[in-house]
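Asks: Just the structure for this:
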Amino acid sequence: MGLFISKYSKQPVQAMEISLERILLRAQVIIDEAEGRHITNQGMLRQLGMLRDAMYQGFYVLDTLRYRDFEEEDAGDHKVESHSWALSKFSSAKRLCLSSSSTEASRYLEVEDVLDRLRNMIIDVSESVMFLTSYPRLHSQPYSKHILMENCMFGRQMEMELVLNFLLHTPPCSSRLNRFDVLPIVGPVRGGKSTLVAHVCNDERVRDHFSQIVFYRHGTFRDEDMVILTDRSTMRHAQTRKLLIVFEVVGELNDNLWERLHSLCTSCTTSGSKIIITSRSDKITKLGTTQTITLKHLPLEAYWYFFKVITFGSTDPAMHPKLTYLAMEISKMLNGCLVGANIIARVLQANFSIQYWCKILEFVRGNVEKYVSMFVEHPCDLLDGIKHAYIRRLGRTGEDVYISGLSQTCSSQEELPEITVQNLLCGGVKPPYLGRTFKVLAWKSLLPPYHCYIQSCEIQRLQTRIGKKRGPLNN
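Replies: All right, here's what the predicted structure looks like:
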């Protein structure tokens, strides 16, 4: 047994790290080249998607190995293992065993497994890479990775190409006038359904292909909505009348409403018009004339890659190993919440110091632990439907923030609050707001449809909060 353990010394693990870094570079080159082209072959898209997932897992394992010494220094009760509840959305994370309690042998085997997977992926995709040059290049600017990520939808490249192929290349399903090409998109709340569709509809090729693109986001028709479909004067190409209708289902799908939409569309448009319908419920799959696209939460490895890039921006994380470790620990506390990732990333960007980031880690960790112990829910679930939450303010132990609701709007629809959630959490908001309800801008998305998330908040002193009675958390 001793001979077996001695086989896995530090040197082999370090050599494996170097090998992993090299093969990740090869995978990155393939992915970057593929993302710069409009690929229509669905088999190739799925193959590239699998390679992308393996690449994210490889980067996660590599970073875990690089910064394991900092994890070993993080003594006390705040070990990664004690936070398994924070990884409830990350099924793949449960397979990782590269914590401070792992042996060198288990670390070696984990890296070897990731290496083998990446090698096999690259071998499988190598033949397809030869055909990448046959696909047209996309028009893009040479942005840095962090700017590109803030202006493009992360982790949905394959889904975007599938939607584009449906809109631009899928022939009409039949010549019958009572049938439409319908693409259902199913996903969790705030899982990126609307953003995915808006991002695709903003593509110049899509806008040129259809006479008009119409959005329904409220689940009901208004008189002015029907006028849009019937008014010939609004059509850019009155003869073809190809229309793209995006129908966002709120709650359960009303069959009468769907029949009304279907009947109206067939009478006002011609063959080649298409419908995209989105919902949290998979009941809409029965309406599709093509395979349903299902969106899921980002896996832990992809989430960490996203969080690292938007947090460090143009700064090289390798130049700040301690900060990278702290960012990795913070990302594990956020439970895969994309809005939370953007909020905390901006808080961290305010001060690139180890002491400050340690405070943010303890702040996030403390709030999550307290909230989970009281309500068996993660505070980021506030964005998924929970109406009330108490969050401790950074550096102000005597004050809590009572969050009573979250609304989603577009930046052009109403005036946005001047106070940001960063000001609120970091202590920038002072009386006269104490004890008064006010609105806070949680996050403003840079991607179409440019959603803004606004929270109703109240700062309360602890003794005041204890004396007040609120309704049940899930009311």
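
Asks: what's around the closest residue to K242 other than its chain neighbours, how many residues?
Replies: Counting by C-beta to C-beta, 6 or more residues apart in numbering, K242 lies nearest to G272, which is 4.5 Å off, once chain neighbours are set aside. All C-beta spots, glycine's among them, are computed from the backbone N, C-alpha and C. For G272, the neighbour count with other C-beta atoms under 10 Å is 18.

Asks: And the strand or helix carrying I310, what does it pack against?
Replies: I310 is part of helix 300-312, with elements assigned from DSSP states H and E. Under the contact definition 3 or more C-beta pairs under 8 Å, 6 or more residues apart in numbering; DSSP states H and E, helix 300-312 sits against helix 42-66, helix 145-151, helix 321-333, helix 338-349.

Asks: Quick check, central residue of the chain?
Replies: Geometric centre of the chain, nearest residue: L338, 4.8 Å, by C-alpha atoms, centre = their mean.

Asks: Hmm, that residue is touching R190, no?
Replies: Yes: with contacts counted by C-beta atoms under 8 Å, L338 reaches R190, the gap being 7.3 Å.

Asks: Tell me, how many residues neighbour K370?
Replies: K370: 14 neighbours (other C-beta under 10 Å).

Asks: If you rank every helix and strand of the chain by mean pLDDT, what lands last?
Replies: Using mean pLDDT, DSSP states H and E, helix 2-7 stands out as the lowest-scoring helix or strand of the chain, at a mean of 43.

Asks: Quick check: next helix or strand after that one?
Replies: From helix 2-7, the next helix or strand downstream (DSSP H and E) is helix 10-35.

Asks: That following helix - contacts with which helices or strands?
Replies: In terms of contacts (3+ C-beta pairs under 8 Å, 6+ apart), helix 10-35 is packed against helix 42-66, helix 104-129.

Asks: Nearest to S404 among those helices would be which one?
Replies: Closest to S404 of the helices and strands packed on helix 10-35 is helix 42-66 (C-beta to C-beta; 36.2 Å).

Asks: by how many degrees do that closest one and helix 300-312 diverge?
Replies: 70 degrees (axes from the mean of the first three to the mean of the last three C-alpha atoms, to 10 degrees).

Asks: Helix 42-66 - what's its average pLDDT?
Replies: The pLDDT scores in helix 42-66 average 89.

Asks: Flag every buried residue along that helix.
Replies: Using 16 or more other C-beta atoms under 10 Å as the test for burial, helix 42-66 gives 44-45, 47-49, 51-66.

Asks: How many residues are close by D208?
Replies: Neighbouring residues of D208 were enumerated by other C-beta under 10 Å; the total is 10.

Asks: Please shift the residue numbers so they start at 864 in all later answers.
Replies: Okay, using 864 as the starting number, the last item reads as D1071.

Asks: can you pull the pLDDT of it?
Replies: So, for D1071, pLDDT stands at 88.

Asks: that's a strand at it, yeah?
Replies: No: under DSSP: H, G, I helix; E, B strand; the rest coil, D1071 sits outside any strand and is assigned helix.

Asks: what about it, distance to K1307?
Replies: 29 Å (C-beta to C-beta, to the nearest Å).

Asks: repeat for Y1316
Replies: Taking C-beta to C-beta, one finds Y1316 at 8 Å from K1307.

Asks: quick one: which of those two has more around it?
Replies: Y1316 (20 against 14).

Asks: for the closest residue to R1209 other than its chain neighbours, phi and psi?
Replies: Closest residue to R1209 apart from its sequence neighbours, by C-beta to C-beta, 6+ apart: Q1285 at 5.7 Å. Main-chain dihedrals, Q1285, degrees, to the nearest 10: phi -60, psi -40.

Asks: What average pLDDT does the helix or strand containing M1237 get?
Replies: Per DSSP H and E, M1237 falls inside helix 1217-1238. Across helix 1217-1238, pLDDT averages out at 86.

Asks: Return the distance of the helix or strand following it from the chain's centre.
Replies: Counting by DSSP H and E, the next helix or strand C-terminal to helix 1217-1238 is strand 1252-1256. With C-alpha atoms, centre = their mean, to the nearest Å as the basis, strand 1252-1256 stands 24 Å off its chain's centre.

Asks: Pull up the pairing partners for strand 1252-1256, direction included.
Replies: If you go by DSSP bridges, strand 1252-1256 pairs up with strand 1259-1273 (antiparallel).

Asks: If you average the pLDDT over the partner strand, what comes out?
Replies: On average, strand 1259-1273 scores 72.

Asks: do stretch 996-1009 as well
Replies: Across stretch 996-1009, pLDDT averages out at 64.

Asks: Am I right that I1322 is in contact with V1303?
Replies: No: counting by C-beta under 8 Å, I1322 stays clear of V1303, with 10.5 Å between them.

Asks: Give the residues shared as contacts by these two.
Replies: Shared contacts of I1322 and V1303 (C-beta atoms under 8 Å, 6 or more residues apart in numbering): L1287.

Asks: ok so, going back, give me the distance from the helix holding M1237 to the chain's centre.
Replies: Helix 1217-1238 sits 22 Å away from the centroid of its parent chain (C-alpha atoms, centre = their mean).

Asks: With only the CA atoms kept, save it in PDB.
Replies: The C-alpha coordinates for helix 1217-1238 follow below in PDB (Å, rounded to 0.1, in the frame of the first residue of the first chain):
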ATOM      1  CA  ILE A1217      -7.000  40.200  -0.500                       C
ATOM      2  CA  GLN A1218      -8.400  41.700   2.800                       C
ATOM      3  CA  TYR A1219     -11.500  43.100   1.000                       C
ATOM      4  CA  TRP A1220     -12.200  39.900  -0.900                       C
ATOM      5  CA  CYS A1221     -11.900  37.900   2.300                       C
ATOM      6  CA  LYS A1222     -14.500  40.100   3.900                       C
ATOM      7  CA  ILE A1223     -16.800  39.600   0.900                       C
ATOM      8  CA  LEU A1224     -16.300  35.800   1.100                       C
ATOM      9  CA  GLU A1225     -17.200  35.800   4.900                       C
ATOM     10  CA  PHE A1226     -20.100  38.200   4.100                       C
ATOM     11  CA  VAL A1227     -21.600  35.900   1.400                       C
ATOM     12  CA  ARG A1228     -20.800  32.700   3.400                       C
ATOM     13  CA  GLY A1229     -22.400  34.100   6.600                       C
ATOM     14  CA  ASN A1230     -25.600  35.300   4.800                       C
ATOM     15  CA  VAL A1231     -26.000  31.900   3.000                       C
ATOM     16  CA  GLU A1232     -25.400  29.800   6.200                       C
ATOM     17  CA  LYS A1233     -27.800  31.900   8.200                       C
ATOM     18  CA  TYR A1234     -30.500  31.900   5.600                       C
ATOM     19  CA  VAL A1235     -30.200  28.200   4.900                       C
ATOM     20  CA  SER A1236     -30.300  27.300   8.600                       C
ATOM     21  CA  MET A1237     -33.500  29.400   9.100                       C
ATOM     22  CA  PHE A1238     -35.400  28.700   5.900                       C
END
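
Asks: which secondary structure elements does that helix contact?
Replies: helix 1184-1196, helix 1201-1212, strand 1252-1256.
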